[in-house]
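K.L.:
fold the following.
(chains A and B)
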Amino acid sequence: MGGGCWGQSSPWACGCEGPYGCEVAEAGACGCWGLGARCVMRTPPHEALHPHSSTSSGPRSRAAAMNCRAEVLEVSVEGRQVEEAMLAVLHTVLLHRSTGKFHYKKEGTYSIGTVGTQDVDCDFIDFAYVRVSSEELDRALRKAVGEFKPPPCRPQDALRSSGSDGMGQISLEFYQKKKSRWPFSDECIPWELWTIKVNVVNLANEQERQICREKVGEKLCEKIINIVEVMNRHEYLPKMPTQSEVDNVFDTSLKDVQPYLYKISYQITDTLGTSVTTTMRRLIKDTLAL
Amino acid sequence: MDTDLSSQDRKDLDKFIKFFALKTVQVIVQARLGEKICTRSSSSPTGSDWFNLAIKDIPEVTHEAKKALAGQLPAVGRSMCVEISLKTSEGDSMELEIWCLEMNEKCDKEIKVSYTVYNRLSLLLKSLLAITRVTPAYRLSRKQGHEYVILYRIYFGEVQLSGLGEGFQTVRVGTVGTPVGTITLSCAYRINLAFMSTRAGEDNGAVYPSVEDSQEVCTTSFSTSPPSQCVFTVTKAHFQTPPPVVTDTLKVPVMGLAFSHQLSSSRLSYQPAALGVGSADMGYPVLFAGGLNAAHPHQLIGPGKEGGVPPVPSQPAHGTQADQERMCTPLDGVHYSAATPSSSEDTETVSNSSEGKCGSPHDLLETIFIRKVGAFVNKPINQVTMANLDIPFAMFAPKNVELEDNDPMVNPPDSPETESPLQGSLHSEGSSGSSAGNTHDDFVMIDFKPAFSKDDILPMDLGTFYREFQNPPQLSSLSIDIGAQSMAEDLDSLPEKLAVHEKNVKEFDAFVETLQ
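P.N.:
So this is what the prediction gives:
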C-alpha cells in the first residue's frame, strides 16, 4: 500500500507502478499520467487519462467501423500555405475520383464525357499540381478550404504565447446514398475517407519561410505519391449506376465533370488536447511569461 | 491463355494498350515541355478522347512513339521507355528520368476488358498526370531555355537505367491487371544532379560531336517544345519560385547555369523551311541553336510580336557569350534574337548578329523606362536604360505590356522594384543556407536589413531619421551674408582686372575673328 492508492492496491491492469508505488488495475486510472515506468498507457500522456481516445475514435477506426477505406495524410505548413496545400491534396484526390458526365442512352448504355486537366502553380509553396478543369469544382473546394482556413490561425494565435502551434484536420469523404423508406431520410454510406491533418507552424523570419516553401513542396510531392499509390490499389469502387441510381453515386450537379458524391468537413483540434499534464504545463508557462 | 479471351475482347485489349502507350508518351512529353498544360472538360463525349481524358496529341510525338513501337505492343521483356534528359548549351547532357511501361506475366482472367480495364487505364493516366509534376525533372523542365533544354527519347525493348547515376529513385505510378498480363507504369529518376564530366574523353575544343553522332542524336532525341507550342512558351514569364533556390535544392552545380530563363527551346528539327536547313542535315548544332535561339518562336509568332523577347537573365551565364559567338559562325543563316545575353557587351554581340525583324530586340534593349528609386533617396527619378537594370525586370518594359496580359505569372511593374533586394538577399541566403557545397559566384551575400532598421552602428528608427533630416541646414553658397561679402571683394578687384584685359585686347580681337 503506498500513498495515494487509497488502499486499493490490488494489481492493476496496466502494470503501472506509478509515483505511488502501487500497481494500476484499471487502464488510465493509475494517476501516474502515463509516466509510470511500466504503464502501458505510457505514451502519449493524455491517452492515459482518456483510454477510449486512443485508436478507437481516430479516423481510421471510425472508418473501419463503417467498413470504409480510410487514409490519413499529415502536413506541417505555415499559415499562408494552408489553403494551397489543402487544395493540392483535395484536387489530386478528386482528379482520380471524377469522371466525365454520363449520358444515358437507350438499353441502359451510357457514354462518358471528357475530363480536362490543368496545371496549377502554388504561390507560397514550391509546388505544382494537376486539377480537373472545372471551375465549379474548383470553386466548391476553395469555398470549403476557405472556411477551414481561419480556424487554425485562431488556435495558433491563442497558442502563440505558449509557443505551440495550431492543428486541424479536413476530411474528404466519398459516400453513397441509400434510399430509405419514408419517413426515414436517405442514408449516406461512406466508402472512402481521406483525412488531412494540418499542423500550422509559426516561422520567425523570411529565411525560415523560404526553407519552408521548399520543404513543404517536397512533402506535398510525397503526399501526391501516397495518394496515387492508394488510388492504384483498385480497391472498392461503387458499381456504375443505372440512370435512376446515378444521383446516389455521383454528384451530377456540375455541368462539366462528375465526381463521386463527396462531402468535406473539418475540425480543429488542439494538439495539446485536454490533458491535465499539458494544461498544467501551459498554466505554469503562462504564469512565468507574465 | 488466349482461348479464354474472346477475339473481340482481345482486339479491344490490344487497341486499349496501344492507345494507352501513345497517350502515356504524350502526357510525359507534354509535362516536360516547360509550360502549364490546360485542356477543357467537355460534357458531351466527342468520341475521340481516349480514356475520357482530354489529352492533346502532338503529332510529332505520336509519330516518334509509333516509330519506336513499330507495330508492337509492350509485352514481357519488351517495355516501352521514355527517356527524359537534360542537355546544356555547353554540350553536357544528363539523363533525368526513365518512364517505363512494362508488362508482366501475372494475368487477371476475371477482369472485364471493355469496362474495368478501360476505366483502370483511365485512372492510371490520371495518376501519371499527377506524378509527372512531382518528380524533380518537372521543375527543371519549367525553367529550361537558353542554358539547357530538355530532350526526350522513346525506345522499345529492355529498360536501360544505367544512365541515371547512382542512387536513383523509383516511383510506381500504378498497375492494371489484364487477361494477358499486368501493365505497370513506373518512373526511375535521378537524384544526384551534379554533372559528371561528360567532356572527359571527348574533344574539348569541338563544340559539336562528329557528324555520325549528331545524326544519331538528332533522329532520336528531340527537344520538348514542338513548334506548335512555342507561342505559349515565349509569352511565359518566370516560374514563380526564385530559381536559384530551386537550383540549390536540386544541387545543380554552377556551370554558369542561371535558372532565371523561361523559354523552352524550339523544335528546329521540324522547321526546316524556317531555318533553311534540311532536317536530314541537322545535327547537334541545331539543337544548340534551338537551345540558345529564341528567334524560332519569334518566327512562329510573326513580326508583330516583337515584344516577346524573354527576359535577359539576372545572372549572366559565364559561358553564354562565348558560346553565342561560337554559335554564330556555323549558323549564319539562323536568325538570332537578343534572347540570351544579359550584360551590355553581350547585348552588342547579339544585336550584331540579329537581323531583320530581330532588329526589334535591339530597340527593346534600348527602351528607356522610368524607374522609381527608393524613398528617402535624394535623387530625382532617374531614367535608366534596360542594359543597366536588373535584367529580369527588364521584361516589364512598355513594349512587353501586350504579353503581360497573357501571362498570369507576370508581376505588376511596381512589385519587382520592392521585391528585388528581398529576392536578392533571399537568393543568397537561401543558396548559402540550404546547400552546403554550392557556390554561386553571381550571388552576393546581402544582409537582409530593411531600410532604416535598427542596427548597432546607427541606432535610429524611422521617425528619428525623418525628424533629423527633415530640416537640413542652408547651403552656404546660398546664404546672403556670404554673397554680399564676395560682391564687395569683386567690386574692389574690378579695376585691376580691367587693366589686365585692356593689355590683352589684341589677343581677344584675334580670338573673336577666329569665331566669325
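
K.L.:
what sits against the residue of chain B at minimum distance from chain A?
P.N.:
Nearest to chain A in chain B, going by Cβ to the nearest Cβ, is B:G174, at a distance of 3.2 Å. In short, each C-beta sits where N, CA and C put it, glycine included. By Cβ atoms under 8 Å, 6 or more residues apart in numbering or on different chains, the contact set of B:G174 is A:V228, A:M231, A:N232, B:L123, B:L124, B:S127, B:L128, B:T184, B:L185.

K.L.:
ok, 6 Å please
P.N.:
With contact set as Cβ atoms under 6 Å, 6 or more residues apart in numbering or on different chains, B:G174 has these partners: A:N232, B:L124, B:S127, B:L185.

K.L.:
also B:T184?
P.N.:
Per Cβ under 6 Å, 6+ apart, neighbours of B:T184: B:E102, B:T175.

K.L.:
how much space between it and B:S79?
P.N.:
B:T184 sits at a distance of 9 Å from B:S79 (criterion: Cβ to Cβ, to the nearest Å).

K.L.:
give me the common contacts of the two.
P.N.:
B:E102.

K.L.:
closest to B:N504 out of the contacts of B:G174?
P.N.:
Relative to B:N504, the closest of the contacts of B:G174 is B:S127; by Cβ to Cβ it sits at 95.9 Å.

K.L.:
give me the number of residues near the closest one?
P.N.:
Using other Cβ atoms under 10 Å in any protein chain shown, B:S127 has 24 other residues around it.

K.L.:
how about it, nearest residue that isn't a chain neighbour?
P.N.:
In space, not counting the residues next to it along the chain, B:S127 is nearest to A:V228; the distance is 4.4 Å by Cβ to Cβ, 6 or more residues apart in numbering or on different chains.

K.L.:
before we move on, what about A:F148?
P.N.:
What sits nearest to A:F148 in space, not counting adjacent residues and going by Cβ to Cβ, 6+ apart, is A:Y266, at 4.4 Å.

K.L.:
whichever helix or strand A:Q176 is part of pairs with which strands, and in what direction?
P.N.:
Counting by DSSP states H and E, the element that carries A:Q176 is strand A:166-178. Partners of strand A:166-178 in the sheet, by DSSP bridges, are strand A:187-201 (antiparallel), strand A:262-269 (antiparallel).

K.L.:
number of nearby residues for residue 103?
P.N.:
Chain wasn't specified; assuming chain A. A:H103: 14 neighbours (other Cβ under 10 Å).

K.L.:
you looked at the wrong chain, it should be chain B
P.N.:
Neighbour tally, B:M103, other Cβ under 10 Å: 20.

K.L.:
again, but for B:K67
P.N.:
Other residues near B:K67 come to 12 when the count uses other Cβ under 10 Å.

K.L.:
other SSEs contacting the helix or strand hosting it?
P.N.:
Secondary structure from DSSP H and E places B:K67 in helix B:59-69. When contacts are defined as 3 or more Cβ pairs under 6 Å, 6 or more residues apart in numbering or on different chains; DSSP states H and E, helix B:59-69 packs onto helix B:7-31, strand B:148-157.

K.L.:
can you tell me which of the ones you listed is most buried?
P.N.:
Mean neighbours per residue, mean count of other Cβ atoms under 10 Å in any protein chain shown, is largest over these for strand B:148-157, with a mean of 22.

K.L.:
any idea how far the residue nearest to A:N248 when sequence neighbours are not counted is from A:T99?
P.N.:
Distances taken as Cβ to Cβ, 6+ apart put A:K177 closest to A:N248, at 4.1 Å, once the chain neighbours are dropped. A:K177 sits at a distance of 17 Å from A:T99 (criterion: Cβ to Cβ).

K.L.:
and B:F16, by the same measure?
P.N.:
17 Å.

K.L.:
got a pLDDT number for residue 44?
P.N.:
Just so you know, I chose chain A. Per-residue pLDDT puts A:P44 at 38.

K.L.:
hm, I was asking about chain B
P.N.:
pLDDT recorded at B:S44 is 81.

K.L.:
burial check on it, number of neighbours?
P.N.:
Neighbour count of B:S44, defined by other Cβ under 10 Å: 12.

K.L.:
so where is the chain shaky, pLDDT-wise?
P.N.:
No chain was given, so I picked chain A. Within chain A, the stretches with pLDDT under 70 are A:1-66, A:149-166, A:269-282, A:285, A:288-290.

K.L.:
my question was about chain B
P.N.:
B:1-4, B:47, B:194-460, B:477, B:479-486.

K.L.:
higher neighbour count, A:K177 and A:T99?
P.N.:
A:T99 (21 against 15).

K.L.:
so who does A:E136 touch?
P.N.:
A:L254.

K.L.:
okay, and it sits in which element?
P.N.:
helix A:135-148.

K.L.:
alpha carbons of that helix, as PDB, please.
P.N.:
Provided in PDB are the C-alpha atoms of helix A:135-148 (Å, rounded to 0.1, in the frame of the first residue of the first chain):
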ATOM      1  CA  GLU A 135     -14.400  26.000 -62.400                       C
ATOM      2  CA  GLU A 136     -17.400  24.800 -60.400                       C
ATOM      3  CA  LEU A 137     -15.500  22.100 -58.700                       C
ATOM      4  CA  ASP A 138     -12.600  24.400 -58.000                       C
ATOM      5  CA  ARG A 139     -15.000  27.000 -56.500                       C
ATOM      6  CA  ALA A 140     -16.600  24.400 -54.300                       C
ATOM      7  CA  LEU A 141     -13.200  23.200 -53.000                       C
ATOM      8  CA  ARG A 142     -11.900  26.700 -52.400                       C
ATOM      9  CA  LYS A 143     -15.100  27.600 -50.500                       C
ATOM     10  CA  ALA A 144     -14.700  24.600 -48.300                       C
ATOM     11  CA  VAL A 145     -11.000  25.200 -47.700                       C
ATOM     12  CA  GLY A 146     -11.600  28.900 -47.200                       C
ATOM     13  CA  GLU A 147     -13.900  28.100 -44.300                       C
ATOM     14  CA  PHE A 148     -11.300  25.800 -42.900                       C
END
